[in-house]
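# Sequence unavailable; structure follows:
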């Protein structure tokens, strides 16, 4: 029996249709939807209508963290995810919310075990990032069973950034991946690889523009000295947040206003266009090209293609001293 696994649909109805058509073309006989059916995307009700129909036809459907959040969104809006959960909750019917609330976290069938998050504690919604975790441990010089088994603890790379904590290195690696400088193989034992753009940056053949994670996340190991927040360029780093100075804050506010225009034009929640964190990065980086735009958190090729020209126009106008937010066509 051919079983198709679909996960993280995130309220994208057209993507669901494309996956179902592909599965049918491959002769799939059964479907399993592994959670995060809603959240982020702009079509939660449409997706849920299709998912509930699939469930009635025998498809396995599990609950993901965004599904649980949409059922019981937080009362206070502190993050983009909170705002998205409240919006999604309002778009769903009572029957759809009840369906999400009753979904199981795991499904066991013979030797098959399906889960949205980690098997050891599915209710805690842990992310499984073994490749990046191993790479961060390698750079930090932390003993890890995977590194010992592969002999990587004996390489010059082991501990080359030991003055930084693994959480900070993990964030740095993610930003290098987003920038296209680092990638991971898809083997059973994934390896971090330097991409061709990454090689050019390393050889100083291409500019290296990357917004580093806040240093307070990775305290430098000194002789008992306590690290203090540093100020660099237009921002001071405090905890996990970047505090913008007046100039960067003014650009950030313009970008937020323009984001609302784009969201209204496209009929989607503002966070679909760009998260606040993405806009903060843009306010700091002030990119002038698509390549530089991709260095910002959460801005991938698809988002750059759809909204990049608008965002770059606002940034360029701001640099010229313009006062308009830019009209979304």
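In hand now; what should we look at? All figures in this text were calculated on a predicted structure; none of them were measured in a lab.
# Next SSE downstream of the longest helix along the chain?
The single longest helix within the chain, with elements called by DSSP state H, is helix 246-266. Note on helix 246-266: by DSSP states H and E, the next helix or strand toward the C-terminus is helix 270-273.
# Now do that next one: which elements does it pack against?
Packed against helix 270-273 by the contact rule (3 or more Cβ pairs under 8 Å, 6 or more residues apart in numbering; DSSP states H and E) you find helix 80-91, helix 246-266. Heads up, the C-betas are built off the backbone N, CA and C, glycines and all.
# Quick one: mean pLDDT over the longest helix of the chain.
Here the mean pLDDT over helix 246-266 is 88, rounded to a whole number.
# Stretch 282-301 too?
If you average the pLDDT over stretch 282-301, you get 84.
# What of stretch 5-20?
Mean pLDDT, taken over the full extent of stretch 5-20, equals 95.
# And that stretch, what's buried?
By neighbour count on 16 or more other Cβ atoms under 10 Å, the buried set for stretch 5-20 is 6, 8-13, 15-16, 19-20.
# any idea how far residue 103 is from residue 290?
Counting by Cβ to Cβ, to the nearest Å, the separation of residue 290 from residue 103 is 40 Å.
# Which one of these two is surrounded by more residues?
When residue 290 is set against residue 103 and neighbours are counted by other Cβ atoms under 10 Å, the residue ahead is residue 103, at 21 against 14.
# Return the residues in contact with the closest residue to residue 63 other than its chain neighbours.
Take residue 63 and drop its neighbours on the chain: the residue closest to it by Cβ to Cβ, 6 or more residues apart in numbering is residue 103, 3.6 Å away. Taking Cβ atoms under 8 Å, 6 or more residues apart in numbering as the criterion, residue 103 is in contact with 35, 61-63, 67.
# Also residue 86?
73-74, 77 are the contacts of residue 86 under Cβ under 8 Å, 6+ apart.
# Return the members of the residues you listed classed as buried.
In the contacts of residue 86, the ones that pass as buried (16+ other Cβ under 10 Å) are residue 73.
# so which of the contacts of residue 86 would you say is closest to residue 295?
When those are ranked by distance to residue 295 (Cβ to Cβ), residue 77 comes first, at 27.9 Å.
# Would you confirm that that closest one contacts residue 83?
Yes. Here residue 77 reaches residue 83: they are 4.9 Å apart, a contact under Cβ atoms under 8 Å.
# re earlier: may I see the helices and strands packed on helix 270-273 organised as a markdown table, with distance to residue 162 added?
As requested, those are exported to a markdown table (distance: least, Cβ to Cβ, whole Å):
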| stretch | distance to residue 162 |
| --- | --- |
| helix 80-91 | 33 |
| helix 246-266 | 32 |
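# winner for burial among the ones you listed?
For these, the largest average neighbour count (mean count of other Cβ atoms under 10 Å) is found in helix 80-91, namely a mean of 19.
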